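Q: Prediction below, plus the sequence it came from.
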Amino acid sequence: RGSGGKFAGRLDHLPPENVQEVERLVQEVTTERQQNAYEANRLMGTQVGYGQVVQLLHVKSNKYLTVRPKEVADQESDCQKVVVQEGGSHEAWWTVEPRYKIQHTGEPVRYLDSISIASDKLQGQRLRCSLMPTQDPALEPGRDQEGWGHAPKSLSLHEVNAKPEKTTWKF
């Protein structure tokens with residue numbers, strides 16, 4: 001029963017057709033991750049346009065900015081939680097929108113343009129920065145973050161979350 005592959009011994013309690021289904025799904029996930037990596041490398045350094053769907057990668061951690069549809073933000077209870085997590089998913093897809101009507105879908109985003117970043121998963125939810133500084137002790141300025149160096153003591157850290165209001169980001 002089951003294959004001698006990645007799940008050897010762990011799926012023995014399932015009927016053979018379920019084991020085959022799990023293995024098929026795992027193969028699909030592996031293939032999709034490979035395709036995503038290929039696509040990310042192919043598009044690296046290309047110009048971003050208004051209306052384009054992107055995934056925002058945190059370079060140091062190699063994790064994607066992801067909205068959590070069923071979780072409330074830590075700082076502001078009227079906002080959706082946004083986290084960085086491994087692997088891209090539908091929750092990590094963001095649409096670059098023009099902030100003002102002088103830019104249009106399809107035009108390239110230029111240096112110093114004001115943009116809005118909308119969740120592709122949660123219609124109407126846009127990426128924003130909390131007005132209140134975070135009180136998370138794990139993010140205390142000056143504390144070492146997994147070898148990422150020390151933040152200056154004067155730095156004020158704010159939560160990034162999602163809310164149905166247009167917020168301006170400078171590109």
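A: Good, I have the coordinates.
Q: Please name the bridge partners of the residue nearest in space to the middle of the chain.
A: Nearest to the geometric centre of the chain sits residue 65, at 2.3 Å (Cα atoms, centre = their mean). With DSSP bridges applied, the residues forming beta bridges to residue 65 are residue 84.
Q: quick one, what contacts it?
A: 55-58, 82-84, 92, 94, 127, 160 (Cβ atoms under 8 Å, 6 or more residues apart in numbering). (Each C-beta comes from the backbone N, C-alpha and C, glycine too.)
Q: Quick check: the gap between it and residue 18.
A: In this structure, residue 65 and residue 18 are 34 Å apart, going by Cβ to Cβ, to the nearest Å.
Q: Please apply the same query to residue 108.
A: 48 Å.
Q: Likewise for residue 156?
A: For residue 156, the distance to residue 18 equals 51 Å [Cβ to Cβ].
Q: do residue 126 as well
A: Between residue 126 and residue 18 the distance, using Cβ to Cβ, works out to 40 Å.
Q: More neighbours: those two, which one.
A: Summary of the neighbour comparison: residue 126 and residue 18, criterion other Cβ atoms under 10 Å, with residue 126 having more neighbours (21 against 12).
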